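coords please:
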Amino acid sequence: MDKIIFFDIDGTLAVRGEIPESNLKALKLLKDKSHKTFICTGRAPFYAKKLFGHLVDGIVCCNGRYILYQNKKLHGEAFSRDELRTYLDLLDKNNLGALLVSDDCSMAYHLSDEEIEQAKKEYGKTRIQPYDDKITVYTLDIYYRDRERYLNMVNVFKENLVINDHSGIGNCDCSTIGFDKGDGIAYILKYFKISKNDAYAFGDGENDRAMFREVNHGIAMGNAVDSLKNVATYITDNVDQEGITKALKHEKLI
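A predicted model of the protein is given here:
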């Protein structure tokens, strides 16, 4: 039976947005073997689709809340109006800014001009829009300006969100407590009628524990956090040392 493999991006499949040549070759080999491949990320749908959509069969975006298959939307778990209002109120009360992620854009909420310009450089000028309460929101990236505000933010949202820091660069993507990467994977397995035993997940961060929950084969990168290694079925080498290729060979997938 064909297998399905899920990859986190940053620190797993890619290094600072660049996919090593060995990982590109590995993705092609998986395709040649007719296995399904999905990226599983906290990134926005339009960003992940543009950079990685041609490399895999599908993408789990927004930490599980948005699913693309063959570059078309398969499923979405949008914030309810009450849920979004809760997050916005917490941002307001704690002087925090965010990018609110929708299908085709991210909306700036209480961000400085400098933060908006930086976001435009990363995502494209037309992808960053002013906040509009009529637009559907699936997740948010929260911004902070120093370590003290970061720690406060984690505490403020601890009942609602898992904060995934982007390597200390001043912003974080968020996994919701109610629907995470694992729930996105569970939806896909049910949709394609694939068993957990035929599902594999590669990750390096704390939020990737949710991926491992829904598959029987959880592979932690050598550069992964200890908490993920502790629940992995296999620990491979670092992302920049052909860790993915080595693990795929170990699992007899290529």
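
quick check: chain neighbours aside, which residue is closest to Ile5?
Spatial nearest neighbour of Ile5, excluding adjacent residues (Cβ to Cβ, 6 or more residues apart in numbering): Tyr200 at 4.6 Å. Any C-beta I mention is one placed from the backbone N, CA and C, and that applies to glycine too.

which element is the one you found on?
strand 199-203 (DSSP states H and E).

C-alpha coordinates for the helix or strand just after that strand, CSV please?
Moving toward the C-terminus from strand 199-203, the next helix or strand (DSSP H and E) is helix 209-213. C-alpha atoms of helix 209-213 as CSV (Å, rounded to 0.1, in the frame of the first residue of the first chain):
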residue,chain,number,x,y,z
ARG,A,209,4.2,16.6,18.8
ALA,A,210,0.7,17.0,17.4
MET,A,211,1.8,15.4,14.1
PHE,A,212,3.3,12.5,15.9
ARG,A,213,0.0,11.9,17.8
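
list the helices and strands helix 209-213 packs on?
Packing contacts for helix 209-213, counted by 3 or more Cβ pairs under 8 Å, 6 or more residues apart in numbering; DSSP states H and E, involve helix 181-192, strand 199-203, helix 226-229.

what mean pLDDT does the helix or strand following the last one have?
Beyond helix 226-229 in the direction of the C-terminus, DSSP H and E gives the next helix or strand as strand 234-235. What strand 234-235 shows for mean pLDDT is 98.

same question, stretch 101-121
96.

end to end on that stretch, go ahead and measure it.
Distance between the two ends of stretch 101-121: 16 Å, counting by Cα to Cα, to the nearest Å.

could you do stretch 23-42 as well?
Span of stretch 23-42 from end to end, Cα to Cα: 20 Å.

gap between that stretch and the chain center?
16 Å (Cα atoms, centre = their mean, to the nearest Å).

now do the buried residues in it.
Asn23, Ala26, Leu27, Leu30, His35, Lys36, Thr37, Phe38, Ile39, Cys40, Thr41, Gly42 (16 or more other Cβ atoms under 10 Å).

give me the angle between the helix or strand encompassing the first one and strand 199-203.
It stands for Asn23. Assigned by DSSP H and E, Asn23 falls within helix 21-32. For helix 21-32 against strand 199-203, the angle by axes from the mean of the first three to the mean of the last three Cα atoms, to 10 degrees is 170 degrees.

distance of Phe202 relative to Ala224?
Note on Phe202: its distance to Ala224, by Cβ to Cβ, to the nearest Å, is 9 Å.
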